[in-house]
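S.K.: Next one to model:
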Amino acid sequence: MKPITLTMQAFGSYGKKTLIDFRKTKQNLFLVTGDTGAGKTTIFDAIVFALYGEASSGSNRKDGAELQSQYVDFDVEPFVELVFSEAEGGEDQLYTVRRIPRHLRPAKRKGAKDQFISESLSLIMPDGSEYPQKEADAKLQDIVGLTKNQFMQVAMIAQGEFMELLRAKSDDKKIIFRKLFGTGLFQKLVEELGNRRKEKLENIARIRTACQTEAGHVKVPGYFENREELSDLQQRIIGSDRMNVADMENFLNLLKNLTLQISGKQQEEQEVYDLLTADRDKKIKALTEGQTIAISFKQLEDAGNSLKECESSKQIIENSLKLISDINKAYDIKAGFIRFRDQQILVADTEQKLKEQEERLPALSEAEQKKAAIESEMQKVAVSETGSYAKVHDRVNKSLELFSKIKKAESDLKEATLKLSEYEKKSLAASETLKVYEQKEAEWRKLEEQLSDTPEKTAVWNAKNKELTDLGTEYASAKDSYAAVKNQEKLFAKAKDNYINAKEKYNQHNADYIAKQNSFLDAQAGFIAREKLKPGLPCPVCGSLDHPSPCHLSDEHKELTRELIDDLSKENDRLRNAYEQAAAAAKTADGLLTEKKQRSDDDLQKLLQKIRALLPELPDDTDIKAAMTKLNEWKTAFTKEGYELKEKDIALKNVKSQLKDVDIKKPELKKQAELALEQLSQQKSSLAGVKQALESLVCQKDYESADAAESALKEAKQKKDNAEKALNDAKTEAQKAKAEKEGSAALITRYSKELPSQKDELNIRKEKYESLLSVNKLSEDEWKSITESHPQEEVAVLQQKIDSYNHKKTSAEAAISTARAAIGDKEKPDLEALTQQVNEAESKWKTSQEVLNTLKDEFNANKSAYDALNPKMEERADVMTEFNRIDSLYNRLAGKVSGARMDIETFVQRYYLQRILYAANLRFSDMSAGQFELRMVEDEQAGEGKNRGLDLMVYSTVTGKVREVRTLSGGESFMAALSLALGMADQIQETSAAINLDVMFIDEGFGSLDDHSRDQAIKVLQQMASGSKLIGIISHVTELKQEIEDQLIVTKKEDGSHVTWQIS
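M.R.: As a prediction, the model looks like this:
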């Protein structure tokens, strides 16, 4: 992965749209420099945000609205767009990721609340297609091959966080290395062993629970000789968290004995139960037989009582039978009487109707003749009116057709008049258009002649404008040169001040050092002399035997020691080096100032020459400031001239375009005028013809108007309709009279025919009625009295009472016979004594049954528990064997063994870490001048107490000792962390073809290095950048500007951050 371009808008301190093209740098190592807060780290944040949706810092996470810039209005959409390459199949493929953070958008309507817009992501693949947005984050991580945290450790070393990996605990490093080197398989192996171990533990717990459940089902009776021991074992097994095998075996043995004892007692109790069952059944049988005989005695007694009751109601039943007979006879006679009476009424009615029709017939015949005469008269009137209507109808239709033609002729006249007016206007307009166009043609030709020199003037203006554009480039170059001079003057002044300060510090310290060194040497010499001088002994210096004035040490020199003098000497050397470096820097800055002044002067002379070329009238002694003033004045007039020429050029083109169409358009306009005049003449002739036709039609009218014609037709039709209606009414009345006469004659014939047979039927029914009276021996008054006193439904009520009496009597007689047969010669039984015997036998039987059931329940429960527990113990033995094997393997590989806390994944990762440290130490050794080397914790200490297999130590070649990496100073830690990141990148590139990291950004940290360490670090990075890896250093350290030539300069103004490349 290698960044190509980065575009930011409204992101962090970058307000306006800013593009950074990383291809501009000629060297793969470049410096991102600028003042504190200018926006250097924001570039770093933007790359990480584009890839992972978060800013770079792990300790100060920023995402969403926190990244929206405050330097532009909130209606400017914030976004970051990163174009990066990824090597695939030996070729670089370009990906474009554009991410818009969650941001605040102002409300569009006044008074509405601002809205937060959700984050969005777009990933454009090398083939130009857009990857689905929901899966784009995962795809980006798959392309890069690293999570954000891993990316921050090996590719983007953030400010203040560059030592996290160096000082991270082994467990944290393990997570990072797992993705980088694919060691997750070993973690999965341990997890799988853990799952299997957990599964076995669950099986053991399940078996224990099952055993406890079954043990809880065991019933311990009081008669069992080992009752207390078995109960104690049961309680211990149920309440224990772990299964005791010895207790379980003892429990099973006792349970087996108990089951055998219960089985023996069950057999004994079964024999007693069988005897009691036989005795109970015998006494129940005797009670049942006694109850049956007692029921027969009761039936015999009840049946005798019923017979007595029947005998007492015998006479009532006989009277009811006679009354039923009389009622039935009376109602039979009544039915015959009703039929006779109905026939009498029918004969009388027929005779009356016949008489009425015979009286109506003469009048109906006369009415028929009169209605027929009226119908004939109406027929003649209708024929006459119909003929009149036909004549009027024909004349009116012809008149309406004529009026229609007149109306159309009037419409044609109106239309012809309108067309004549239209053609007159059209002819006049065509003539006027031709006249106007001819005037415009004259104006265009005149304007064309006036603007004919515009192209030559425009060409001259364009040439001068090109010179002016070139002049702008020269002006920008001169302005940059002048700004560079001013900047270099500041740098030179600062370098000069640094030189003066360094010189003064060195001179002061050097004088103090020389004085104290001389004093120390003097004191040393005096001390030797004072200690060695003895009266009578020669002086070690001059050999004199007399020592009149031995040296006396002053108090101020007593604190001077060799160590102090050595420290002063080292400090003096440091200040001298700083003084010499400051002198060299001042000299370099002075040389650069001279060079930049010369370049600025040259640029100003070139600029002045180009101004003179544009303004020949400029005096020779004009300076650059006055020349620029004149140039600006001339430029204003020149620009105005350009606008005027542009307008004239447009006007000239328009005129030529218009004149180009004259030869085509002018003949067309003439032709249109002639055509309009011809159409006008034709329309006048057409109008005269229409007027003549209308006058001819008006002379042919029979009626004054169409309404008058239609009124005449309507009146004729009304007369015809009235005659037809009168005819129809007459026909209806004639038909009605005829129908009434024919109906009356038909009824007379029918009644005359029906009357004799009706009289015959009357005589027959009379004879039948009289016969019923004679047969039933009842007079008319008697049957009428009976039917009035007794309704016919009373027969059914009386019959029901008779049937009930007969049934009761028959049932009693049958019951007496049955009871006597059942009793025979038996005596009436004592049911109370028999019931007492059954109850006593039942009580003994139930007691025996309860004892037997209890024994059965105890036997079944205990036998079931034993049958379930015995195989469970065998299953537990198999599971425990498997668990012990898995548990041992899991504890070893997971680092759960005391004294060996390093797991297998850490053990494997130490192989990769060893290779990383090999590559890292090559850089660390160069950076630290061979003083330090990174090492892993030794195998013996890696698993003591906790997993320290990936912890790092540092070996000092100066002391020959190993110490904690946390004891390194800030500068040493930076070099170690940088070396470790570089070594990790090498190892990733070597072991994973899917991860191609051709980028590294380092944010700050160089300020903690001394000059030598910094130089060494830069050399190492330059060696790395000699390949394809792009390395960017984000720093404000001044010395780096002298060592790294390609620089991305970040500045901050009122409208936000800006970037410019400074390429070597």
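S.K.: next one: stretch 86-98 to chain centre, how far?
M.R.: Mean C-alpha position of stretch 86-98 versus that of the full chain (C-alpha atoms, centre = their mean, to the nearest Å) differs by 30 Å.
S.K.: what's around the closest residue to R599 other than its chain neighbours, how many residues?
M.R.: Distances taken as C-beta to C-beta, 6 or more residues apart in numbering place S481 nearest to R599, at 5.2 Å, with adjacent residues excluded. Every residue, glycine included, has its C-beta placed from N, CA and C. Around S481 there are 20 other residues, counting by other C-beta atoms under 10 Å.
S.K.: Equivalent analysis for E875, please.
M.R.: 14.
S.K.: so who does it touch?
M.R.: Counting by C-beta atoms under 8 Å, 6 or more residues apart in numbering, E875 makes contact with I207.
S.K.: can you tell me the helix or strand for it?
M.R.: If you go by DSSP states H and E, E875 is part of helix 831-894.
S.K.: Please report how far N654 lies from D661.
M.R.: 11 Å (C-beta to C-beta, to the nearest Å).
S.K.: what about those two, which has more around it?
M.R.: N654 (13 against 10).
S.K.: Which residue ranges make up each domain of the chain?
M.R.: According to automatic domain parsing, the chain is divided into the following domains: 1-145+994-1064, 162-189+900-992, 201-285+833-889, 467-631.
S.K.: picking that back up, identify the residues contacting the residue nearest to R599.
M.R.: Taking C-beta under 8 Å, 6+ apart, one finds K596, R599, S600, D603, L604 in contact with S481.
S.K.: In contact with the first one, which residues?
M.R.: I take that to be K596. By C-beta under 8 Å, 6+ apart, the neighbours of K596 are S481, A484, V485, Q488.
S.K.: Buried residues of stretch 134-154, list them for me.
M.R.: For stretch 134-154, burial by neighbour count (16 or more other C-beta atoms under 10 Å) applies to 136-137, 140-141, 143-146, 148, 150-154.
S.K.: Report the separation between the residue nearest to the spatial centre of the chain and E54.
M.R.: With distances taken as C-alpha atoms, centre = their mean, K134 lies nearest the centre of the chain, 9.5 Å away. According to C-beta to C-beta, K134 stands 18 Å off from E54.
S.K.: just I1034 next, same as before
M.R.: 18 Å.
S.K.: quick one, which of these two is more surrounded?
M.R.: Neighbours were counted for I1034 and for E54 using other C-beta under 10 Å; I1034 has more, 24 against 18.
S.K.: beta partners for the more buried one?
M.R.: I1034 forms beta bridges with V32, D1003, as assigned by DSSP bridges.
S.K.: Name the residues that touch stretch 606-614?
M.R.: With contacts defined as C-beta under 8 Å, 6+ apart, stretch 606-614 is touched by 464, 467-468, 470-471, 474-475, 478, 618, 624, 627-628, 630-631, 634.
S.K.: The same query, at a cut-off of 10 Å, please.
M.R.: 464, 467-468, 470-479, 481, 618-620, 622-624, 627-628, 630-631, 634-635, 638 (C-beta atoms under 10 Å, 6 or more residues apart in numbering).
S.K.: Of those residues, which belong to helices?
M.R.: Among the contacts of stretch 606-614, DSSP state H puts 464, 467-468, 470-479, 481, 624, 627-628, 630-631, 634-635, 638 in helices.
S.K.: For ChimeraX, write a command that selects the buried ones of the residues you listed.
M.R.: Buried subset of those, written as a ChimeraX selection, criterion 16+ other C-beta under 10 Å:
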select :464,468,471,474,475,477,478,481,624,627,628,630,631,634
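S.K.: For the helix or strand hosting Q735, what does the pLDDT average out to?
M.R.: If you go by DSSP H and E, Q735 is part of helix 706-776. Averaged across helix 706-776, the pLDDT comes to 84.
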